[in-house]
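Undergrad: predicted model, plus sequence, below.
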Amino acid sequence: MRPQISVIIPVYNDARNLRLCLDGLRGSLEAPLECIVVDDGSTDNSAEVARESGAKVLSTGGRKGPAVARNIGAQAAIGDVLLFIDADVCVGPDTVQRVRTEFDRDPTLDALMGSYDSSPAVSAFISEYRNLLHHHTHQSSPGKASTFWAGCGGIRKSVFLEFGGFDEMYQAPAIEDIELGYRMAQANRNVILFPDIQVKHLKRWTLHNMLRTDFFYRALPWSELSLRWGQTPDSLSLKISQRISVVLVFLVTLMAAYLTVIWHVYFLVPLFATFFILLSGYWVEGWAHNSVMVWAIMGGVLFTIAGISLWFHMRGIAPLLAVAAFALFIRHRYAFSTEKRRKWTGVWVGGYSLLAALLVWIYFPWKPMVFLLFLLLLALIALNQQFYVFLAAKQGKFFALAAIPFHLLYFFSSGVAFLIEFARYQALRIFGFSRRRGGVAMKKPVPKDAAQ
């Protein structure tokens with residue numbers, strides 16, 4: 001008999017996306033056996049939306065986190081395969097069918113996970129960048145996995161119960177799914193990433209919640225988890241290339257700071273000015289609803305760059321900034337109205353870039369350490385070129401350029417988080433403390449070969 005699928009969705013104050021999520025499930029080619037929505041103390045009408053859609057609604061009895069919510073749903077499920085999806089995710093018509101088919105085809109399959117698709121629901125720069133980063137990461141690591149993803153992840157109920165479910169120590173949306181994946185990997189369980197099982201992410205990312213999530217709810221707990229388990233799997237966001245990128249970002253940052261203080265590398269001012277002018281349309285779009293804020297940000301940056309340039313006797317940059325500001329205004333007002341205007345906008349941008357490059361050449365201090373800095377930057381970009389080429393093919397070259405600083409910031413924050421957790425871990429070892437696991441009573445992972 002084919003496996004029966006129980007879909008489990010934790011939700012907290014996300015009624016709008018939950019409605020779309022449940023609509024997507026109703027459009028499945030093969031309906032799941034049941035859909036369980038676990039309300040995690042919502043104060044909006046999420047529970048009512050779930051009931052109206054015909055889902056079975058359970059409650060955590062208060063705000064306790066998605067780990068608790070998913071565990072409650074799993075205990076109540078009657079299907080032999082649990083398909084966890086997030087409330088801000090829309091499955092495709094064939095998602096449930098594909099999950100059932102894979103578990104039916106391979107009796108040794110313990111768990112599987114999919115990926116976000118390459119067309120995020122929210123067409124804003126930060127949201128597109130963040131979701132495409134996740135998509136590319138999963139698409140680049142098909143096959144055997146050493147982790148698990150509850151955004152769209154299926155697991156046999158017997159295996160889930162054997163491992164005690166998600167660790168309820170994580171009371172906020174964090175890495176409870178990754179931690180479960182670590183335990184399954186330690187026990188040599190068969191977890192497979194199928195990159196062609198794709199879902200659409202509905203979340204609207206902002207710079208603030210992206211930085212907060214990546215640092216506090218991903219990098220910090222994931223670093224702690226890796227140190228506690230004593231391993232760092234070469235997969236997904238922890239590939240060797242990603243770890244090397246973190247080291248390179250730290251080296252570049254330290255060298256840039258040293259050169260700025262010691263040798264006054266103000267030649268970088270026109271380079272950064274060019275970068276900001278060309279890409280500001282992406283970076284300030286988060287405040288698109290507030291034109292005063294947009295112009296305040298742009299004006300502040302331009303004023304700062306002009307002030308620094310005059311202070312350090314680089315007066316040639318000031319008129320260039322004025323031209324750039326005018327070009328930026330023209331670009332946003334008229335660039336895409338006609339083919340002719342699009343062509344002349346390209347001429348403006350190209351001419352400005354050439355002038356800025358000339359200024360960089362003029363002010364460039366020809367010193368070995370500066371060359372080394374640029375070589376490290378080039379190495380960093382080359383190491384991640386597949387991602388940047390993917391972004392350029394998907395959203396255009398300017399989008400890919402605009403994403404680079406955020407990608408480097410991602411590496412930097414990940415490195416800082418690891419250093420913090422490493423220092424904490426060493427302190428706990430020295431002073432004889434241990435970090436107690438919370439939540440569900442975890443069974444000792446059983447190697448699959450031994451279980452058989």
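TA: Structure's in. What do you need?
Undergrad: which stretches of this protein form strands?
TA: 5-11, 34-39, 56-59, 81-85, 89-91, 111-116, 143-144, 152-156, 191-201 (DSSP state E).
Undergrad: any buried residues in the third one, and which?
TA: In terms of neighbour count (16 or more other CB atoms under 10 Å), strand 56-59 has its buried residues at 56-58. Every C-beta, even on glycine, is put in place using the N, C-alpha and C of the backbone.
Undergrad: in its sheet, what does it sit against?
TA: Neighbouring strands of strand 56-59 in its sheet, by DSSP bridges, are strand 34-39 (parallel).
Undergrad: low-confidence regions, the stretch 101-250 of the chain specifically.
TA: 233-237 (pLDDT under 70).
Undergrad: can I get the buried residues of strand 56-59 in a markdown table including pLDDT?
TA: A markdown table is the format used below for the buried residues of strand 56-59 (pLDDT from 0 to 100):
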| residue | pLDDT |
| --- | --- |
| 56 | 97 |
| 57 | 98 |
| 58 | 98 |
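Undergrad: nearest to residue 252 among the strands of the chain would be which one?
TA: Among the strands of the chain, the nearest to residue 252 by CB to CB is strand 111-116 (29.1 Å).
Undergrad: contact partners of that closest one?
TA: Strand 111-116 is contacted from outside by 95, 99, 102-103, 131, 134-135, 138-139, 145, 148-149, 151-156, 159, 181, 184, 189-195, 197-201, using CB atoms under 8 Å, 6 or more residues apart in numbering.
Undergrad: wait, residue 103 touches residue 157, no?
TA: No. Judged on CB atoms under 8 Å, residue 103 makes no contact with residue 157 at a distance of 10.9 Å.
Undergrad: these two - which one has more neighbours?
TA: Using other CB atoms under 10 Å as the criterion, residue 103 and residue 157 rank with residue 103 on top: 23 against 18.
Undergrad: which residues are in contact with the spatially closest residue to the more buried one that is not a sequence neighbour?
TA: Nearest in space to residue 103, with sequence neighbours left out and distances taken as CB to CB, 6 or more residues apart in numbering, is residue 3 at 4.5 Å. Residue 3 makes contact with 79-81, 100, 103-104, 156, according to CB under 8 Å, 6+ apart.
Undergrad: quick revisit: pull out the buried members of the contacts of strand 111-116.
TA: 95, 99, 102-103, 131, 134-135, 138-139, 145, 148-149, 151-156, 159, 181, 184, 189-194, 197-201.
Undergrad: distance of the nearest residue to residue 243 once chain neighbours are set aside from residue 420?
TA: The shortest distance from residue 243 to any non-neighbouring residue, by CB to CB, 6+ apart, is to residue 232 (7.4 Å). As judged by CB to CB, to the nearest Å, residue 232 and residue 420 stand 16 Å apart.
Undergrad: repeat that for residue 172.
TA: Counting by CB to CB, the gap from residue 172 to residue 420 is 17 Å.
Undergrad: run a quick neighbour tally on residue 255.
TA: 18.
Undergrad: what's near enough to touch it?
TA: 369, 372-373, 376.
Undergrad: pLDDT-wise, what's the bottom of those residues?
TA: Minimum pLDDT across the contacts of residue 255 is recorded for residue 369, with 79.
Undergrad: what is the neighbour count of residue 7?
TA: Count around residue 7 with other CB under 10 Å applied: 29.
Undergrad: how about residue 419?
TA: 12.
Undergrad: what does the one 5 residues further on give?
TA: Look at residue 424: counted by other CB under 10 Å, it has 15 neighbours.
Undergrad: and the nearest residue to it once chain neighbours are set aside, how many neighbours?
TA: In this structure, residue 424 finds its nearest non-sequential neighbour in residue 224, 7.6 Å apart by CB to CB, 6+ apart. Residue 224 is flanked by 20 other residues according to other CB under 10 Å.
Undergrad: domains in the protein, by residue range?
TA: Domain ranges of the chain: 6-236+441-451, 242-410, per automatic domain parsing.
Undergrad: what count of nearby residues applies to residue 422?
TA: Residues near residue 422, counting by other CB under 10 Å, number 14.
Undergrad: that older thread, ranking by neighbours, what's the top pick from the contacts of residue 3?
TA: Neighbour max across the contacts of residue 3 (other CB under 10 Å) = residue 81, 29 neighbours.
Undergrad: so that residue touches residue 6, yeah?
TA: Yes. Taking CB under 8 Å as the definition, residue 81 is a contact partner of residue 6 at 7.1 Å.
Undergrad: which neighbours do the two share?
TA: With CB under 8 Å, 6+ apart as the test, residue 81 and residue 6 both reach residue 157.
Undergrad: which helix is the longest one in the chain?
TA: helix 397-430 (DSSP state H).
Undergrad: how far does it sit from the chain's center?
TA: Computed by CA atoms, centre = their mean, to the nearest Å, the chain-centroid distance of helix 397-430 equals 13 Å.
Undergrad: buried ones in it?
TA: 399-404, 406-408, 410-418, 421, 425.
Undergrad: so how far is residue 396 from the spatially closest residue to residue 122 that is not a sequence neighbour?
TA: With sequence-adjacent residues excluded and distances taken as CB to CB, 6+ apart, residue 122 is closest to residue 204, at 4.6 Å. Applying CB to CB, the value for residue 204 to residue 396 is 21 Å.
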